[in-house]
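Visitor: the following comprises the amino acid sequence and a computationally predicted model.
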Amino acid sequence: MHQIDNQIQRSIRQLAQKECANYDSGCCLPEDRPCHVISQAHKTIHDGAVNCDYFLRAVLPLQPELNTAIWHELLREEDQVGECWKECVRCHKPFIPGSNRQRYCADCGAAAKQARSREKQRRYRERQKTPA
């Protein structure tokens, strides 16, 4: 579970650095203090690493999968550690599946679907080339 928390924190920091309008060189501009989202002082997201209302309302929804993962972690009970998480078959990153049959994270799911479609089309063309 510690690996999942580190992965989420890394993703949060990257998103804040890229997309947050209030972020500038590690500081929160409106509050004139170090950014709570980026702060290394927080070991887990439960300790307050995501303690910025602006980030939660305006920036986090830009990445729906990360948004789901963070809210799931923040609202889960301690006795349910790791429940509902799966590991992506392709990239081996943890994700929260939308159904019990989902095998890939959102990023890999699109690529896997495209590869299946490509293979299906290749087989179809092979059958069409073969004289009957």
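Guide: On my side now, so go ahead.

Visitor: got the contact list for the spatially most central residue of the chain?
Guide: The centroid of the chain falls nearest to Leu66 when counting by C-alpha atoms, centre = their mean (3.3 Å). By C-beta atoms under 8 Å, 6 or more residues apart in numbering, the residues touching Leu66 are Ile8, Ser11, Ile12, Leu15, Leu60. In this view, the C-beta of every residue, glycine as well, is placed from N, C-alpha and C.

Visitor: for stretch 52-69, buried residues please.
Guide: Cys52, Tyr54, Phe55, Leu56, Val59, Leu60, Gln63, Leu66, Ala69 (16 or more other C-beta atoms under 10 Å).

Visitor: quick one on the thing from earlier: show me which of the contacts of Leu66 is closest to Asn100.
Guide: Ile8 (22.2 Å; C-beta to C-beta).

Visitor: would you map out the domains in the chain?
Guide: According to automatic domain parsing, the chain comprises the domains 1-81, 85-132.

Visitor: what mean pLDDT does the one helix or strand Glu126 maps to have?
Guide: For Glu126, the host element (DSSP states H and E) is helix 106-129. Mean per-residue pLDDT for helix 106-129: 93.

Visitor: the closest residue to Glu19 other than its chain neighbours and Ile96: what is the separation?
Guide: In space, Glu19 comes closest to Val59 once its chain neighbours are excluded; the distance is 5.0 Å by C-beta to C-beta, 6 or more residues apart in numbering. Distance, Val59 to Ile96, using C-beta to C-beta, to the nearest Å: 19 Å.

Visitor: also Ala111?
Guide: 19 Å.

Visitor: kindly report the same for Pro61.
Guide: Pro61 is 16 Å from Ile96, by C-beta to C-beta.

Visitor: all strands for this structure, in order.
Guide: Ranges of strands in the chain, per DSSP state E, are 23-24, 27-28, 33-34, 86-87, 94-95.
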